[in-house]
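Participant: A structural model of the following input is requested.
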Amino acid sequence: MTTTTEGTSRTARLLALMKKGDDAFNARDFAAVDEVHHPDMVAYIPGLAEPVYGREAHAAAMQQFLRIFPDMHVYRSARHCRPHQPAPICARSAGVCARLGVCGDHEV
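Facilitator: Numbers count the residues shown, from 1 in each chain. Predicted coordinates for the structure are as follows:
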């Protein structure tokens with residue numbers, strides 16, 4: 001029997017928020033994406049020289065990516081894009097760390 005503690009409940013809530021945010025992004029529901037992101041979030045995005053600090057800066061970065069890759073889609077498992085690269089999501093009571101798969105076609 002599993003005992004639910006405050007820590008495991010918070011971890012489950014954080015993982016659910018991560019899924020909600022990914023699903024909202026894929027549906028292009030940016031109000032819902034903003035709702036689940038912490039105002040002081042930090043995103044480390046490959047290809048960018050510096051981390052992206054804050055919900056507003058992250059939203060702007062995602063809009064820029066969508067102008068370049070309009071069909072961009074986030075996967076909680078990178079196996080959809082690169083089968084040899086799993087995309088782990090770790091959650092602890094302090095926050096969430098995720099490595100996600102992202103696919104999209106470049107448009108010029």
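
Participant: Can you report how many residues lie near residue 10?
Facilitator: Neighbours of residue 10 under the rule other CB atoms under 10 Å: 15. Where C-beta positions appear, they are placed from N, C-alpha and C, glycine not excepted.

Participant: ok, it to residue 24 distance?
Facilitator: Remark: distance between residue 10 and residue 24 (CB to CB, to the nearest Å) = 21 Å.

Participant: what does residue 66 give?
Facilitator: Note on residue 66: its distance to residue 24, by CB to CB, is 14 Å.

Participant: who's more crowded, these two?
Facilitator: residue 24 (19 against 15).

Participant: who touches stretch 20-35?
Facilitator: 36, 37, 55, 59, 62, 73, 74, 75, 76, 100 (CB atoms under 8 Å, 6 or more residues apart in numbering).

Participant: Now it: buried residues?
Facilitator: 21, 22, 24, 25, 33 (16 or more other CB atoms under 10 Å).

Participant: Helix, strand or coil: sort out the third one for me.
Facilitator: Right, the one you point to is residue 24. The three-state label given to residue 24 by DSSP: H, G, I helix; E, B strand; the rest coil is helix.

Participant: Relative to residue 12, how far out is it?
Facilitator: Counting by CB to CB - residue 24 and residue 12 are separated by 18 Å.

Participant: Kindly report the same for residue 66.
Facilitator: Taken as CB to CB, the span from residue 66 to residue 12 is 30 Å.

Participant: Which residue ranges of this structure form helices?
Facilitator: 6-26, 30-36, 55-68 (DSSP state H).

Participant: Now render the ones you listed as TSV, adding distance to residue 106 and mean pLDDT.
Facilitator: Listed next are the helices of the chain as TSV, based on distance: least, CB to CB, whole Å; pLDDT from 0 to 100:
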stretch	distance to residue 106	mean pLDDT
helix 6-26	18	81
helix 30-36	21	93
helix 55-68	6	93
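
Participant: Just put these in JSON lines and tack on distance to residue 45.
Facilitator: Listed next are the helices of the chain as JSON lines, based on distance: least, CB to CB, whole Å:
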{"stretch": "helix 6-26", "distance to residue 45": "13"}
{"stretch": "helix 30-36", "distance to residue 45": "15"}
{"stretch": "helix 55-68", "distance to residue 45": "7"}
